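Peer 1: Just the structure for this:
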Amino acid sequence: MAGFVALLVVVAAAAAARWTREEDADPLAGRPRVTDTRAGLTYGVPEGWRHDPVKDKGLIDAFTSQITSRTHGASTTSGGTVVAGPAGRPVPRADLRRTTESAARSNAGFFFPDRPATLEESRATLVDGRPAHTAVLRVPGDDGGARLEMTLVNVDGGHTSFLLGLVSGEPDAALTADLHDVVASTAVA
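Peer 2: All right, here's what the predicted structure looks like:
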């Protein structure tokens, strides 16, 4: 009997540790969340950012939800946006890097036509335990340019979605950190 009780204590402790670790992994725990049913994702809204469900309805077809932030400093104006949506097709895990980098470049060309984009980083990652890949591009400009971060997520075997984060204007470390927090808070809906 003592062995059974000890086993129950160990299982309960492991479950509590796992639950605590998962809560700690979400930097936006306790913050409002956007649930994007078309993308199959839910993500946190950082302090100072805004989600307007009415504006989601006016997005171009590729995007199904967005959050925005604008900061006005003494000498700079920077803005941040995160949009999400379903990818046009399922992307096999083996193709995540190539497809993410290509989609990031395509979006850079859409948002910043005639401005070259430089790949700064490309890395495999996990989003809610699912295979994902993030590509980071820098787009120069007289206004400080832009940072574009594209994350493609294998939601399930037949469904891939994305998060696209943009910070424009003067480089703003706080807005970039917010983008990373949004991705870290993302879960499959």
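Peer 1: Would you check how far apart residue 174 and residue 62 are?
Peer 2: 27 Å (C-beta to C-beta, to the nearest Å). In short, each C-beta sits where N, CA and C put it, glycine included.
Peer 1: Out of the helices and strands in this protein, which is least certain?
Peer 2: None of the helices or strands of the chain scores lower by mean pLDDT, DSSP states H and E than helix 2-25, at a mean of 42.
Peer 1: ok, then the element right after that one?
Peer 2: Going down the chain from helix 2-25, the next helix or strand is strand 33-36, by DSSP states H and E.
Peer 1: Other residues contacting that next one?
Peer 2: 42-45, 51, 64-65, 67, 84-85, 161, 185, 189 (C-beta atoms under 8 Å, 6 or more residues apart in numbering).
Peer 1: Return the list of strands paired to that strand, each annotated with direction.
Peer 2: Taking DSSP bridges as the criterion, strand 33-36 forms sheet pairs with strand 41-44 (antiparallel).
Peer 1: ok so, going back, what subset of the contacts of strand 33-36 is buried?
Peer 2: Neighbour counting over the contacts of strand 33-36 (16 or more other C-beta atoms under 10 Å) leaves 42-45, 51, 64-65, 67, 84-85, 161, 185, 189 as the buried ones.
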